[in-house]
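**Student:** Here is my input, please return the structure:
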Amino acid sequence: MMQLSVNGEPVRIEADPATPLLWILREQLGLTGTKYGCGKALCGACTVHIDGNAVRSCSFPVAAARGRQVTTIEGLSHGRSHPVQAWIREQVPQCGYCQSGMIMAVSALLAANRAPTDADIDAAVTNICRCGTYERIRKAVHTAAALATRAGS
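**Tutor:** Numbers count the residues shown, from 1 in each chain. Sure thing, here's the model as predicted:
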């Protein structure tokens, strides 16, 4: 039995310590916003935050999450208050499959860099969008950065 902190709440789970965090989130905790993509930490669909850092949960063993704060897309903000809601304004998603992981990667970037350049975005957000919405993603990141600056968050 392990205790984790997920989206600010303590949870107890029973699992092999080597089980990828992704499966605990989806299967045991019902947090299905985090997606399975490649299973090899390449595509980024499974991105969550561990202590505020973007991490690919498909290759992150659940035992490594003990004593750390895990945040999923469901716990990113309450009431759609996060500046990354610019995703809606900029109409980023097409199919939407990669979007929760993309948003988690971008929100970690914006927490570390409030005014990222396109090069910063490209370096930090290595998630794959099969629909190719990268230009809209960059635009949404810049919009979110501006919203965060105006809101003082």
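
**Student:** Only C-alpha atoms from now on, for both contacts and neighbour counts.
**Tutor:** OK.

**Student:** So what touches whichever strand or helix holds Ser107?
**Tutor:** In this structure, Ser107 sits in helix 99-112 according to DSSP states H and E. Residues outside helix 99-112 that contact it (CA atoms under 8 Å, 6 or more residues apart in numbering): 33-35, 44-49, 52-54, 72-73, 76, 84, 93, 116, 121, 124-125, 127, 141, 145.

**Student:** now do stretch 130-148
**Tutor:** 83-87, 89-95, 106, 110, 114-116, 118, 121.

**Student:** Could I get the buried residue list for the helix holding Ser107?
**Tutor:** Along helix 99-112, these residues count as buried under the neighbour rule (16 or more other CA atoms under 10 Å): 99-110.

**Student:** Mark which of the contacts of helix 99-112 are part of strands, please.
**Tutor:** Taking DSSP state E as the definition of strands, those contribute 47-49, 53-54.

**Student:** ok, and the most crowded of these?
**Tutor:** Val48 (32 neighbours; other CA atoms under 10 Å).

**Student:** give the contact list for that one.
**Tutor:** 34, 54-57, 70-73, 101, 104-105 are the contacts of Val48 under CA under 8 Å, 6+ apart.
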